[in-house]
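Colleague: requesting a structural model of the entry that follows:
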Amino acid sequence: MDASGAVTELYRGHALGLMRLALVMIGDRGTAEDVVQDAFAGLYRRWPRLRDRENALTYVRSAVLNGSRTALRRRRRPFRAVHQPPVWSAESEAMVGEDRREVVEALHRLPARQREALVLRYFCDLSEEEIADAMRVSRGTVKSTTSRALASLGRILEGEK
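Modeller: Presented below is the predicted three-dimensional model:
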């Protein structure tokens, strides 16, 4: 399959999930869309030189994480959660929206590596091996980072109550 067809197929299957990843990491829809588009454009440019095309999704996921890191470094304003999930009633919207906002804001108080590990694990539902590939670290690092992140997140959320 040529680069255009392969990247288009990958985009159709995974762009939404990668958008969610970038949105949770960055908190700004426009910037998240830009990061995902840049990642796929980079994959398209690199396609002829890609050694293992079976790992194209891992490449794009890593590019989204790197793009998110860059966007956060360039940000001049503090993180503010803007994404709210669809809900069924005004009451449930208020409860779910507030809980989610608190969790996402607490996530952004964690060090970048811890935040990435939790987002990849619990928002993207990736395995330890997939997280290790995306973050370019060992599985052991993923395990210890996730454990420390959960403990820190718990302390942050308990302090807010």
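Colleague: in the protein, which helix is the longest?
Modeller: Longest helix of the chain, by residue count under DSSP state H: helix 3-26.
Colleague: average pLDDT across the helix or strand following that one?
Modeller: Going down the chain from helix 3-26, the next helix or strand is helix 29-46, by DSSP states H and E. Summarised as a single mean, pLDDT over helix 29-46 is 94.
Colleague: and if you look at stretch 114-131?
Modeller: What stretch 114-131 shows for mean pLDDT is 91.
Colleague: next, the distance between the ends of it.
Modeller: The first and last residues of stretch 114-131 sit 12 Å apart, counting by CA to CA, to the nearest Å.
Colleague: distance between that stretch and the chain's centre?
Modeller: In terms of CA atoms, centre = their mean, to the nearest Å, the centre of stretch 114-131 is found 8 Å from the chain centre.
Colleague: what's the answer for stretch 131-139, then?
Modeller: Centroid separation for stretch 131-139 versus its chain: 13 Å, with CA atoms, centre = their mean.
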